[in-house]
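Trainee: Show me the folded form of this:
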Amino acid sequence: MLASLPQNNDPNVLVGFDTSDDAGVYLLNDEQALVFTADFITPPVDDP
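Mentor: Sure, this is the predicted structure:
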């Protein structure tokens, strides 16, 4: 599924689709980077 997405050539992307990690990392400057992650957990009880 991810193979159909366009390749990212941004040098600030430190961790992207190509590493198959659970997060993405984007370099902001020499000392800071953003880490993006998303976790989807199914609730143990189906009760609203």
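
Trainee: Show me the shaky parts of this protein.
Mentor: Residue ranges of the chain with pLDDT under 70: 2, 48.

Trainee: Try it again at 80.
Mentor: Confidence mapping of the chain against pLDDT under 80 gives the ranges 1-3, 5, 8, 17-20, 46-48.

Trainee: Strands along that one, start to end?
Mentor: 13-15, 23-27, 33-37 (DSSP state E).

Trainee: Leaving out chain neighbours, which residue sits closest to the residue nearest the centre of the chain?
Mentor: Nearest residue to the geometric centre of the chain (Cα atoms, centre = their mean): Gly24, 3.1 Å. Nearest residue to Gly24, sequence neighbours excluded (Cβ to Cβ, 6 or more residues apart in numbering): Phe36, at 4.4 Å. Any C-beta I mention is one placed from the backbone N, CA and C, and that applies to glycine too.

Trainee: will you turn the strands of the chain into TSV that also has distance to Leu5?
Mentor: Shown next, in TSV, are the strands of the chain (distance: least, Cβ to Cβ, whole Å):
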stretch	distance to Leu5
strand 13-15	13
strand 23-27	13
strand 33-37	15
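
Trainee: quick one on the thing from earlier: got the contact list for the residue nearest to Gly24?
Mentor: Applying Cβ atoms under 8 Å, 6 or more residues apart in numbering, we find Phe36 in contact with Ala23, Gly24, Val25, Tyr26.

Trainee: ok, it to Pro11 distance?
Mentor: Taking Cβ to Cβ, to the nearest Å as the measure, Phe36 falls 17 Å from Pro11.

Trainee: And for Asn29?
Mentor: 13 Å.

Trainee: And for Asp21?
Mentor: Between Asp21 and Pro11 the computed distance is 18 Å (Cβ to Cβ).

Trainee: for Asp39, same thing?
Mentor: According to Cβ to Cβ, Asp39 and Pro11 sit 28 Å apart.

Trainee: can you count the residues close to Ser20?
Mentor: Here the count is done by other Cβ atoms under 10 Å, and Ser20 has 8 residues near it.
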